[in-house]
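1. Have a look; sequence and predicted model below, questions after that.
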Amino acid sequence: MSDMHAHSVAYVRETMLPEQEPPSSAVGVTAWMRENLFRGWANSLMTVVAIYVIYKIVAGSLPWFLGGIWSTSSLAECREILQGATGGCFSVLTERWNQLLFGFQYPSEQYWRLILAFVLLGLAAAPVLFRHLPRGLLVFTGLYPFIAFWLIWGGTILAPLMALAGFVLGYVAFKKVEHQSFAMGALAFLIAAALTWWIGGLVSGAAPGVLALEPVPSRNMGGFMLNLILGTVCVSLSLPIGIVLALGRQSDMPIIKWICVVFIELIRGVPLITLLFVANVVLAYFLPPGTSFDLIIRVIIMITAFSSAYIAEVIRGGLAALPRGQYEAADSLGLDYAQATRLIIMPQALKISIPGIVNVAVGLFKDTTLVSVISMFDLVGMIRGPILASTEWNGVYWELWGFAVMLFFIVCYSISQYSQWLERQLQTDHR
Amino acid sequence: MKKSVFLGAMTVAGLAAGAAAAATLDDVKARGKLNCGVTTGLVGFAAPDANGNWDGFDVGFCRAVAAAVLNDPNAVEFVPTTGKTRFTALASGEIDTLARNTTWTFSRDVDLKFEFVGVNYYDGQGFIVPKELGVSSAKELDGATVCIQTGTTTELNLADFFRKNNISYEPVPIETNAEAQPLYLEGACDTYTTDASGLAATRAAFENPQDHVVLPEIISKEPLGPLVRHGDNDWGDINRWVLNALIAAEEYGVTSANVDELASGTDNPEINRLLGTEGNLGEMLGLDADWAARTIKAVGNYGELFEKHIGENTPVGLSRGLNAQWTDGGLMYAPPFR
Amino acid sequence: MSTISDPPAESFRLSQLINDTRYRSITFQFVALVLLIFAMAYLGLNLVQNLAAAGLNISFDFLGEPAGYDINQTLIDYTSQSSHWRATMVGVLNTMLVAILGCIMATVIGVFVGVLRLSPNWLVRKLMSIYVEIFRNVPVLIWILIIMAVFVAVLPQPRDFRGDDATASMVWGAFAFTGRGFYAPLPLFGPGSAVVVAVFVASLIGIVFYRRHTTKKLYDEGVLLPRTWPSVALFFVPVLLAFFVMGQPITLEYPALKGFNFQGGIFMRNSLIALWFALSIYTAAFIAENVRAGILAVSKGQTEAAASLGLRPNRIMNLVVLPQALRVIIPPLISQYLNLTKNSSLAIAVGYMDLTGTLGGITLNQTGRAIECVLLLMLFYLTISLGISAIMNVYNNAVKLKER
């Protein structure tokens, strides 16, 4: 064959040509730009418009940022230094730094407690967020709420200790009775915990000086710290409530289902601000005469109710997405409802709903700024109220709002990035 | 995760909260603190300083009551309230006394079931305008954009005033004084209206106060005073007579400087009764004999309070006017102490 | 014989109530119901006690009393002598106005950004994702306040238009952009303008019919008639003819600086614009994500199939991808509309007199009827929310994939 070929064809290449570089228009920066920026005239036009927009933004903000003044004590002073030149008066941030972060009523010599609580929050959250960390750290996560309460609110360490003891004893009681049925276990937990808390209340009331930090009433919380406290407390509280509501809504017991549906739809149908009005001006009428909760606790109650309704809907989506076979398989193994839910259904449903839950959490954290409308001094409240109204800083907008935008962006963006990362992690091992 | 914060806080709140309904005096004594409702911040009347300490004319009254009842002018928990929350806070027992430049009106006294214990400042609603507008009377404000602080009697007065004079205006409702300031200063409103004292205080906080004038028209009567819940007359009496003691002290010339000296006894029986060296007025109130002396020593008499926080030598710069003693042609008139 | 397999006839024992699945659900429901009733009764009793102690009562009579305050933006007749109920209605309409305007603008921006996020242009793609991330991750309240602050601080105030050395001037003599809001010319309908309006409506109907006709022609006979220029002609010619024949009955009223403010023309208040704009761009960031997800959810095979049929890219988008993506987009879009409506209650932060500003704001403050006002407020929002979801669900069902 090859011989024939060799004779019938005038020229045959015997060796491979050396590989050539692709033409410069198909590789490297040029190709990338052709492909991504200048493909067709419409595309090129868009690029030009985009570059113009970016130029405008940078040209507008960069000199303002670079020319900023960081060390004056009032706007007038700052403007005097600027002499009409472009530049931000960032000194409002340095001068009111503590107020923006901690509000204006938290005793300033106690700020270390808040910073410590914040750092510990990172430590406590880490094992929950990243699964490859040692599981032993979860013990610290369990202890964290009590430590944080003691650090932030102060007072005797006995109060959080007794609250912790209540949970521990309750758990012990639950384990003791669990073999009878889950319901009995739960009842035992409640009784044991309530008993401990009651005794604990008496004990810590009697000895308010044991290892006491200077107590700070919650009315004195403020600044970005208040947003963080409200966000973490309400999300953590609303998770279990949301799970219960979601299960209730999926239940085939009509009365329980009906109660959950009404609650969820009622809450989801009204804006958070009306619920905050309830906390602010109405809730007091529904409490027994003589009790007066702090505003912050009333607000926590209402925000928790709000977010648990949303979380319940997310988890309900997760439950609905589970194949019917999972429920049937659990039944066929002879598991009862509590066991099936705890061991089979919930772990899977929660996994599916994690992105949704994180979305709700981010939304809720953003919504904590609404408390400024009911005269609480969170970050937005501090800016709108004491800072913008003060004689020194009347008229500083961009610097303050830019700072607020930045703080919220950093927190919310990292949470949503984390959730996307987690979603990718979880994707590998299911289905 | 943080369940216990909530539970713990509930326990703490449960322990801390006394009964608020019936005997307020006992509750305040048991608590060791007076819960006093004030504004969220109005220079001269009640505003927190950079360290979070409250100071001002209304704050002075709170401290006076605390001094009389608890023997400590600093045993006050200041609860900032807005126009919206103040009445609920008082009705629900969150605060014991509301000293937040609140106008004494019929419906608040009768329908909302509160008890005004007196008047600590006779006020009226006015307008502030930039000088460059060249307006000299409120009647020239036809077509103007008016910033109003909501939740007060001001918006009702304003509607009445413009309707009566048959001129139009564009109302811009604002929630707090702090938000009204930038709106007015940037020119989003032509004029800002609230109680004349509030206007003076607001103007004092401006960078260039001399560029703004308060118009001469006072379009309403605004007797401002502290108030308590209806139905607890003992507590109401204490508040009323603390206020009267402050006013009377000025009339009799008792000041924080000379009260110690006078409390050792004078030849004026009125002063003696007031300061507890004669008679048993304190006992009748359920307090001890030198309650008024303590109060005056702690915060000064009415005139001192006025001069210190809102008087002509302060940035607020209010003249006594109607708030002078009756002996000086004003309306401040304390009933006799006997 | 059969007795062996029969279960022993058990008598009912109390423990069955909790251990037997047949009865357990009844027990639980009973307990739940009792707890609920107790909780309600407890709260109700507290309420009655508290009200009795304060000497108050629950009554909605205040709604009939004169409100006494003025509202700047009223879509229905309202004076300070109108009742609180009327003020509430003004608030409801203002809420609806900003919600509807916001939904429209948010949808437009959202779809635009969502499509651009999938653009082949790298720069545009990145710019759009920066927009989405920044706006999604910062509270809407902050955006509302920022835009309001920009309005007040950056735009010129009416006083800047005044005098000989005015620092600001009107655009084309017709539009004024001030810190208090935007002024635009207002069309005044004189006698005979009804004819012009009727002609305009008729030509609109004509355009629709003409386009239907061309489509039918194209499908039935394969004849492609021109569509664009006849539509444009139909739009303008008859109306202009009628306008001049009737002797120019419609005139424009231009805003002009008189006294303190611009007078005449259409006035959009800064509070409305700030709220509208902030809600729109905030919600648009979410809608953009939904749109992007919806488009990505349409399988690549659909695009390729359409391309192999010879359709051009924009036709593929319009005829194949978007109709399918719409089904994925609409359910989350509904909840975004609901969120926008509920977020409109933040109007209170900029002094826009919506439902929260009238009923939940001044009326509540003036009457002191906190419980009644908050209850009514929640009821109104609940009704609006349910109404929106009902309407949108009807639409959703209409475009849903009809599976056979």
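-> Okay, I see it. Residues are numbered from 1 along each chain as shown, chains lettered A, B, ... in the order given.

2. Show me which residues of the stretch 201-338 of chain B are close to chain C?
-> Proximity of the stretch 201-338 of chain B to chain C (CB under 8 Å from any CB of the partner chain) is limited to residues B:229-231. C-beta: built from backbone N, CA, C; applies to glycine.

3. Just the buried ones out of these, please.
-> Those of these that meet the buried threshold are B:229-231, by 16 or more other CB atoms under 10 Å in any protein chain shown.

4. Where does confidence bottom out across those?
-> Minimum pLDDT across those is recorded for B:G231, with 83.

5. what sits against it?
-> Applying CB atoms under 8 Å, 6 or more residues apart in numbering or on different chains, one finds that B:G231 lies in contact with B:113, C:53-55.

6. biggest separation within those, which pair?
-> B:K113 and C:A53 (9.6 Å; CB to CB).

7. Extract the residue ranges of chain A that are flagged as low pLDDT.
-> A:1-8, A:208, A:289-292, A:427-431 (pLDDT under 70).

8. And the residue in the stretch 1-150 of chain C that chain B sits nearest to, how far from C:P313?
-> Distance from chain B to each residue of the stretch 1-150 of chain C (CB to the nearest CB) is smallest for C:S80, at 3.8 Å. C:S80 sits 59 Å away from C:P313 when distances are taken as CB to CB, to the nearest Å.

9. still on that earlier bit, turn the buried ones among the residues of the stretch 201-338 of chain B next to chain C into TSV, including secondary structure.
-> Output for these, formatted as TSV (DSSP: H, G, I helix; E, B strand; the rest coil):
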residue	secondary structure
B:R229	strand
B:H230	coil
B:G231	coil
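
10. tell me what the helix ranked longest in chain B is packed against?
-> Counting by DSSP state H, the longest helix found in chain B is helix B:233-252. Judged by 3 or more CB pairs under 8 Å, 6 or more residues apart in numbering or on different chains; DSSP states H and E, helix B:233-252 is in contact with helix B:24-31, helix B:57-70, strand B:222-229, helix B:269-275, helix B:281-285, helix B:291-299, helix B:302-309.

11. How are the helices of chain B distributed by residue range?
-> B:3-16, B:24-31, B:57-70, B:86-91, B:106-110, B:154-164, B:177-186, B:196-204, B:233-252, B:259-263, B:269-275, B:281-285, B:291-299, B:302-309.

12. State the mean pLDDT of the longest one.
-> For helix B:233-252, the per-residue pLDDT values average out at 92.

13. related to what we said a few turns ago, compare the helices and strands packed on helix B:233-252 and give me the one nearest chain A.
-> With CB to the nearest CB as the criterion, chain A lies closest to helix B:24-31 of the helices and strands packed on helix B:233-252, at 8.4 Å.

14. now could you export just the CA positions of the closest one as PDB?
-> Extracted C-alpha coordinates of helix B:24-31, given in PDB (Å, rounded to 0.1, in the frame of the first residue of the first chain):
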ATOM      1  CA  THR B  24     -45.300  53.200  92.400                       C
ATOM      2  CA  LEU B  25     -43.500  54.700  95.300                       C
ATOM      3  CA  ASP B  26     -42.900  51.300  96.900                       C
ATOM      4  CA  ASP B  27     -41.800  49.900  93.600                       C
ATOM      5  CA  VAL B  28     -39.300  52.700  93.100                       C
ATOM      6  CA  LYS B  29     -38.000  52.300  96.600                       C
ATOM      7  CA  ALA B  30     -37.700  48.500  96.100                       C
ATOM      8  CA  ARG B  31     -36.000  48.900  92.800                       C
END
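
15. What are the buried residues along it?
-> Within helix B:24-31, the residues scored as buried using 16+ other CB under 10 Å are B:24-25, B:27-28, B:31.

16. quick check, the helix ranked longest in chain A touching chain B?
-> Longest helix in chain A by number of residues, with DSSP H as the criterion: helix A:398-427. No: Helix A:398-427 does not reach chain B (CB under 8 Å from any CB); its nearest approach is 11.6 Å.

17. Over to stretch A:201-216?
-> Yes: using CB under 8 Å from any CB, we find that stretch A:201-216 touches chain B at A:201, A:204-205.

18. ok, back up a step: could you dump the longest helix of chain B to CSV, C-alpha only?
-> C-alpha atoms of helix B:233-252 as CSV (Å, rounded to 0.1, in the frame of the first residue of the first chain):
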residue,chain,number,x,y,z
ASN,B,233,-52.4,59.6,93.7
ASP,B,234,-49.6,59.2,96.2
TRP,B,235,-47.0,59.0,93.5
GLY,B,236,-48.7,61.8,91.6
ASP,B,237,-48.6,64.0,94.8
ILE,B,238,-44.8,63.3,95.3
ASN,B,239,-44.1,64.4,91.7
ARG,B,240,-46.4,67.4,92.0
TRP,B,241,-44.9,68.7,95.2
VAL,B,242,-41.3,68.1,94.1
LEU,B,243,-42.0,70.4,91.2
ASN,B,244,-43.8,72.8,93.5
ALA,B,245,-40.8,72.7,96.0
LEU,B,246,-38.4,73.6,93.2
ILE,B,247,-40.6,76.6,92.2
ALA,B,248,-41.3,77.7,95.8
ALA,B,249,-37.6,77.4,96.6
GLU,B,250,-36.9,80.0,94.0
GLU,B,251,-39.6,82.3,95.3
TYR,B,252,-38.3,82.1,98.9
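
19. where does the stretch 1-150 of chain B have low pLDDT?
-> For the stretch 1-150 of chain B (pLDDT under 70), the answer is B:1-22, B:50-51.
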